[in-house]
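Undergrad: sequence plus the predicted model coming up.
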Amino acid sequence: MSTAIRVSDLRVDFYRGETLVNSPLRGINLEIQSGETLGIVGETGCGKTLTATAIMGLLPSSARQRGEIEFGKYGALKPESMQNIRGAEITMIFQNPQSAFNPIFTIGAQMKLVAQKRNFGRAEIPAMLDQILSSVGLTDTKRIVSSYPHQLSGGMLQRCMIAMAMISNPKLLIADEPTTALDATIGDQVLKLIRDLQEREGFAMLFISHDITAVAKVADHISVIYAGRVIENGPAGDVMKNPYHPYTQGLLGAIPSASKARGALTAIPGSVPSLLRDITGCSFAPRCGKSSSQCAQEPPDVEMDEQKVACWMVKQ
Ligand SMILES: Nc1ncnc2c1ncn2[C@@H]1O[C@H](COP(=O)(O)OP(=O)(O)OP(=O)(O)O)[C@@H](O)[C@H]1O
Ligand SMILES: [Mg+2]
C-alpha cells in the first residue's frame, strides 16, 4: 500500500503585522494510505479545519506555516505548489453545501466550470454531469443541472457538492463535517454514499468531525486532536473500544447512548486552553482528572499496541 499523504510537524501561527496573534496548530502529524480513511475528531477550535486548509494550500496571508506536507508521488510540497494540486488531485467538501455554490449561477453552470478546468471537452460535459450526478444517487439530473442552489434541499445540494468533488477523480478527498448540517437519516445516507464512492474510486480520505461516532462509521484510523496536536492515533476500532488518552475517554463519554438519550451529555469539565501561550507540557492537563507533575513537561508519544498516545499516565 502506498502513502497518499503524510503531514509532519505542521504548525500554523497567525500574525497581525509582526505580532503573533495565536498558534492554533502546534505540530500535527498524520498519514493516510491510498484508499484509506483517516478520521480527525476534536472539539470546536482544536484545529481540524485549519489542518485541512493547510493541506489545500488555502491558508490566509496572515498565517505562517511550518512543517512538511508530502503528497503521493510529488513528495514534499510548498503551499504554493499545493494550490496547483488542489481541486484536481485533492478536493474538499464542506459542512455547508450552500457556501460551496454561488447562489446566482445554476448548479450545471458551476459544475461545467469545474469540468472545463479539468480539461473535459465542451461536448462531453453534459453526459459526464448526468453520469456523475447519477453516481451520487440523484435522479432527474436535467432538472438539477438547471436549478439554482436555493431550489435544492440541503441533502441534494450536499450530493451535488460531492459530485463536483468527484469530477477530477481525486487521489485525496477532504470531508470537513460533511454531515453536521444534515439530520441523522440524511447524514447516514451521505456517509454511505461517500463510503461507496471511495470503494469504487479508491481515493484516500481525510474525514473531519467533532462527532466521534460519525468518524467511527467511516474511518480506518482515527486521530484525536486537542489544542492543535494529535493526542491519540490508532486503528478506528481500537481507539473506539479502548481509548487510552483521558481526553479521548472523555469524548467517548460525551456521546449520548440509548440508555442516557434523554439525559444531558457528559461534558468534559473546563475549556480548551488559550492558543496564544506556549504550552510546554500536556495541554489537556488542566482539565484532566489524572494529571501529575510529570504532565507539565513535554507530553510523550507512548505506543500502546498500534495506538500512539500523548499521555504520561497511560502506563500507570
Ligand atoms: N484567520 C484566523 N486568524 C486567527 N486565528 C484563526 C484564524 N482561523 C482560525 N483561527 C484559529 O484557529 C483555531 C482552530 O480553528 P479551526 O477552524 O481549525 O477549528 P475546528 O477544529 O475546525 O473547529 P470547528 O469544530 O468549530 O469547526 C481556532 O481557535 C481559531 O481561533
Ligand atoms: Mg472546522
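TA: Noted; the coordinates are in hand. Ligands and ions are numbered 1, 2, ... in the order given.

Undergrad: OK, contacts around the nearest residue to His150 once chain neighbours are set aside?
TA: With C-beta to C-beta, 6 or more residues apart in numbering as the criterion, His150 has its nearest non-adjacent residue at 6.3 Å, and that residue is Pro103. No exception for glycine: its C-beta is placed from N, CA and C like everyone else's. Contacts for Pro103 (C-beta atoms under 8 Å, 6 or more residues apart in numbering) come out as Tyr148, Pro149, His150.

Undergrad: can you lay out the residues you listed as JSON lines showing secondary structure and pLDDT?
TA: What follows is the contacts of Pro103, written out as JSON lines (DSSP: H, G, I helix; E, B strand; the rest coil; pLDDT from 0 to 100):
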{"residue": "Tyr148", "secondary structure": "coil", "pLDDT": "97"}
{"residue": "Pro149", "secondary structure": "helix", "pLDDT": "96"}
{"residue": "His150", "secondary structure": "helix", "pLDDT": "95"}
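
Undergrad: returning to what we had before: wait, is the residue nearest to His150 part of a helix?
TA: No. Under DSSP: H, G, I helix; E, B strand; the rest coil, Pro103 sits outside any helix and is assigned coil.

Undergrad: per-residue pLDDT of it, please?
TA: Note on Pro103: pLDDT of 94.

Undergrad: measure it to Ser147 for me?
TA: Here the distance between Pro103 and Ser147 works out to 12 Å (C-beta to C-beta, to the nearest Å).

Undergrad: repeat for Met304
TA: Taking C-beta to C-beta as the measure, Met304 falls 51 Å from Ser147.

Undergrad: now Pro24
TA: 37 Å.

Undergrad: neighbour count winner among the two?
TA: For Pro24 versus Ser147, the count of surrounding residues by other C-beta atoms under 10 Å is larger for Pro24: 20 against 17.

Undergrad: what does the stretch 1-150 of the chain have sitting close to ligand 2?
TA: Taking C-beta under 5 Å from the ion, the part of the stretch 1-150 of the chain that reaches ligand 2 is made up of Lys48, Thr49.

Undergrad: wait, Pro273 sits on Cys282?
TA: No. Counting by C-beta atoms under 8 Å, Cys282 is not a contact partner of Pro273; they are 10.3 Å apart.

Undergrad: those two: which is more packed in?
TA: Per other C-beta under 10 Å, whichever of Pro273 and Cys282 has more neighbours is Cys282, with 28 against 16.

Undergrad: give the contact list for the residue nearest to Phe284 when sequence neighbours are not counted.
TA: Of all residues not flanking Phe284 in the chain, Tyr247 sits nearest, at 4.9 Å (C-beta to C-beta, 6+ apart). Going by C-beta under 8 Å, 6+ apart, Tyr247 touches Val224, Tyr226, Ile231, Glu232, Ile268, Phe284, Arg287, Cys288.

Undergrad: tell me which two of the residues you listed sit farthest apart.
TA: Greatest spacing in the contacts of Tyr247, by C-beta to C-beta: Glu232 and Arg287 (15.1 Å).

Undergrad: where does the stretch 201-316 of the chain have low pLDDT?
TA: The model of the stretch 201-316 of the chain has pLDDT under 70 over residues 254-267, 316.

Undergrad: and for the residue in it that ligand 2 sits nearest to, the neighbour number?
TA: Per C-beta to the ion, Ile208 is where the stretch 201-316 of the chain lies closest to ligand 2, at 6.7 Å. Counted with other C-beta under 10 Å, the burial measure for Ile208 works out to 26 neighbours.
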